[in-house]
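Chemist: Quick check, what structure comes out for this input:
(one chain, ligands or ions: 2)
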Amino acid sequence: MSVSAQITSVQPSIFLSSRMNVEDVDPLDVFTLPPPNESPSDRLAREKLEQDAVERSRSIDAELKAAKAAMKQYKKAVKILVLGQSQSGKSTTIKSSVPQHFFDWRPFILSLDFQITYAQKSWSEERLAWKSIILLNLVRSVNIMTKIMEFHSDMSSQSSNKNSSMERQRSVLLRLTPLRQIEKDLKVFLGAGAGELPPEITSESESEDTQSKGHEDLDKAIVTEFGLRSSSGWKSILAQLQSPQSGKGRDLHRIACHVVRGCKDDIQWLWGDSATKRILHDRGVRLEDLPGFFLNDADRITAEDYEPSDQDILCARLRTTGVQEYHFSTDRTNGTIVNWIMYDVSGCRTTRAAWIPYFRDMTALIFLAPLSGFNERLPEDDSINRLEDSFCLWKTICSSKLLANIQLVLFMNKTDILRKKIEQDKIQVRKYVPDYDKPNDFENVATFFRRAFKKIHLQYTTPDAPKSFISHFTTAVDRKSTRLTLRAVQSIILCTDITEAGLM
Ligand SMILES: Nc1nc2c(ncn2[C@@H]2O[C@H](COP(=O)(O)OP(=O)(O)OP(=O)(O)O)[C@@H](O)[C@H]2O)c(=O)[nH]1
Ligand SMILES: [Mg+2]
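Modeler: Numbers count the residues shown, from 1 in each chain. Ligands and ions are numbered 1, 2, ... in the order given. You can find the predicted model right below:
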């Protein structure tokens with residue numbers, strides 16, 4: 001039976017007053033009519049249900065409207081993809097540049113039913129989680145140091161020449177062994193995504209000149225990194241710290257702080273001991289050049305009331321896995337607001353294929369090339385020189401057809417480390433870059449590298465569509481200068497964007 005047939009079969013007398021025509025009545029009213037002989041309590045319950053349904057419907061309408069507006073904003077937002085090899089400073093640049101009050105990043109989740117949800121976190125909540133990461137960075141450095149010292153201590157124990165300093169060193173090493181377990185516990189606490197990744201830096205000078213194969217293997221085995229799986233890993237840390245139910249996680253964190261605090265004097269003694277310095281130097285291990293170095297701050301970091309500073313957060317090492325989005329807005333001089341989305345990706349070689357889908361929808365691309373890597377090799381493949389890898393990547397980016405209409409910006413990063421390597425450590429660039437034929441000073445070296453990047457850019461710029469070469473020397477851990485650089489880049493991007501849209 002059809003719906004209309006059903007309706008006409010209902011007795012009109014039920015709902016027609018004597019003065020109403022059949023045409024005046026909505027046939028669907030028959031379905032919403034109260035049942036005959038409805039009791040007062042049933043009536044109240046029915047009206048409540050109807051009211052709830054109206055409210056639910058209004059809230060769905062509001063959500064759809066908000067989703068539509070957000071989607072419009074998302075489409076209009078200026079999108080910047082930040083690329084570069086692992087440890088090039090992508091995440092640090094974003095941390096430096098995103099205005100602090102906007103740093104409570106809002107992962108944009110577009111689910112299948114087109115509901116958009118924003119998860120907001122405040123900067124102070126994030127600080128709490130960074131405390132665990134900084135503690136892990138510190139413990140990791142201590143464990144690298146103790147493993148190297150133990151190795152040497154074993155070797156020297158075979159000699160009969162023992163002195164009181166060696167005795168003290170041995171007992172300090174023994175007292176610091178619980179930190180191995182603390183490192184493991186902190187990794188567990190930091191979430192399921194925190195896992196061991198391939199070995200980190202291997203300095204070419206190390207392996208070429210002074211190190212035996214056995215030493216290299218030890219260095220590789222001890223210098224490992226940890227990472228967190230995109231936003232879910234991040235959320236799990238915050239959840240652990242905040243949830244009253246997750247007492248175990250918070251206990252782990254509290255115990256770790258307590259144990260490290262108890263080891264503070266031994267950590268400082270060992271790090272300051274001349275024998276440690278000599279052995280690390282002889283092994284070519286420069287802990288102070290490793291990302292996430294906090295050994296000089298053990299006192300401050302282990303204090304009961306320690307709160308990570310902005311600088312601590314910038315210097316902390318947390319490897320990115322997956323893709324993270326950072327949303328923020330800036331005001332224009334004409335009073336309008338510009339929404340920005342910055343995309344942070346993992347720079348590891350094995351994950352670079354995941355960059356490609358992001359090439360399509362971008363306004364600009366910032367490429368990070370760490371110049372200090374001229375004498376380092378990639379952690380994931382130690383046959384590849386870091387700077388060489390950056391040149392190859394830059395070539396791929398400049399030649400990509402997908403990126404042909406995107407504004408490219410080059411950040412030649414880690415200039416502070418490059419300067420230190422040249423001026424303090426007196427490392428000869430020519431030894432690693434045979435083409436280099438200028439004096440071994442910072443200015444000449446930096447200019448030489450810049451020219452090499454520019455040459456590649458020029459090679460792939462067609463005369464009919466010349467693209468400007470925008471490049472900056474950066475030190476991403478210097479928040480003030482990075483923010484200024486980013487502001488200049490943002491202005492250029494906006495100008496280009498408006499010009500291309502025919503609005504200027
Ligand atoms: N001294 C110095 N350290 C820097 C600079 N830029 C980044 N770092 C440090 O280098 C380490 C790695 O930086 P990240 O920003 O995590 O590197 P990334 O490119 O995001 O690396 P992935 O997430 O593995 O792809 C961190 O400990 C930073 O503090 C810089 O210009 N100078
Ligand atoms: Mg990163």
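
Chemist: Tell me, how many residues neighbour Ala369?
Modeler: 28 (other Cβ atoms under 10 Å). (Glycine included, C-beta is placed from N, CA and C.)

Chemist: can I assume it is in contact with Met412?
Modeler: Yes. Ala369 is within contact range of Met412, at 5.4 Å (criterion: Cβ atoms under 8 Å).

Chemist: quick one, what contacts whichever residue of the stretch 351-500 of the chain sits closest to ligand 2?
Modeler: Of all residues in the stretch 351-500 of the chain, the one sitting closest to ligand 2 is Leu368 (9.7 Å; Cβ to the ion). Shown in contact with Leu368 (Cβ atoms under 8 Å, 6 or more residues apart in numbering): Val82, Leu83, Gly84, Gln85, Ser88, Gly89, Lys90, Thr93, Phe411, Asn413, Ala476.

Chemist: if I look at the fourth one, how far off is Asp251?
Modeler: By that I understand Gln85. 38 Å (Cβ to Cβ, to the nearest Å).

Chemist: ok, the two, which is more surrounded?
Modeler: Ranked by neighbour count (other Cβ under 10 Å), Gln85 and Asp251 place Gln85 first, with 26 against 12.

Chemist: I figured the more buried one was touching Arg386, is that so?
Modeler: Yes. Counting by Cβ under 8 Å, Arg386 is a contact partner of Gln85 at 6.7 Å.

Chemist: Can stretch 425-442 be said to contact ligand 1?
Modeler: No. Stretch 425-442 stays clear of ligand 1 (Cβ under 6 Å from any ligand atom), getting no nearer than 13.8 Å.

Chemist: Go through that stretch and flag the buried ones.
Modeler: Across stretch 425-442, burial judged by 16 or more other Cβ atoms under 10 Å covers Ile427, Val429, Tyr432, Val433, Tyr436, Phe442.

Chemist: hang on, the earlier thing: please flag which of the contacts of Leu368 sit within strands.
Modeler: Val82, Leu83, Gly84, Phe411, Asn413 (DSSP state E).

Chemist: The last one: neighbouring residues, count only.
Modeler: Close neighbours of Asn413, defined as other Cβ under 10 Å, add up to 30.

Chemist: hmm, back to that, could you give the bridge partners of the residue of the stretch 351-500 of the chain closest to ligand 2?
Modeler: Gly84, Phe411 (DSSP bridges).

Chemist: Distance to ligand 1 and pLDDT for the ones in strands among the contacts of Leu368 - can I get that in a markdown table?
Modeler: Shown next, in a markdown table, are those (distance: Cβ to the nearest ligand atom, whole Å; pLDDT from 0 to 100):
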| residue | distance to ligand 1 | pLDDT |
| --- | --- | --- |
| Val82 | 8 | 94 |
| Leu83 | 9 | 96 |
| Gly84 | 5 | 96 |
| Phe411 | 9 | 97 |
| Asn413 | 5 | 97 |
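
Chemist: And this structure, what are its domain boundaries?
Modeler: Using automatic domain parsing, the domain parsing of the chain gives 1-37, 77-119+319-500, 124-315.

Chemist: still on that earlier bit, what two of the buried residues of stretch 425-442 are the furthest from one another?
Modeler: Taking Cβ to Cβ as the measure, the buried residues of stretch 425-442 span a maximum distance of 15.4 Å, between Tyr432 and Phe442.

Chemist: Around ligand 1, which positions in the stretch 51-200 of the chain sit nearby?
Modeler: Counting by Cβ under 6 Å from any ligand atom, the residues of the stretch 51-200 of the chain that sit close to ligand 1 are Gly84, Ser86, Gln87, Ser88, Gly89, Lys90, Ser91, Thr92.

Chemist: neighbours of the fourth one, just the number please.
Modeler: Just to be clear, that refers to Ser88. With other Cβ under 10 Å as criterion, Ser88 counts 25.

Chemist: is it true that it touches Gly347?
Modeler: Yes. Using Cβ under 8 Å, Ser88 makes contact with Gly347 at a distance of 5.8 Å.

Chemist: who touches both of Ala369 and Met412?
Modeler: Phe453.

Chemist: what element comes up after the lowest-mean-pLDDT helix or strand in the chain heading to the C-terminus?
Modeler: Least confident element among the helices and strands of the chain, by mean pLDDT, DSSP states H and E: strand 116-118 (a mean of 29). In the C-terminal direction, the helix or strand that comes right after strand 116-118 (DSSP states H and E) is helix 123-157.

Chemist: Identify each buried residue in the one helix or strand Glu50 maps to, please.
Modeler: Assigned by DSSP H and E, Glu50 belongs to helix 40-76. In terms of neighbour count (16+ other Cβ under 10 Å), helix 40-76 has its buried residues at Ala67, Ala70, Tyr74.

Chemist: what mean pLDDT would you report for it?
Modeler: Averaged over helix 40-76, pLDDT sits at 89.
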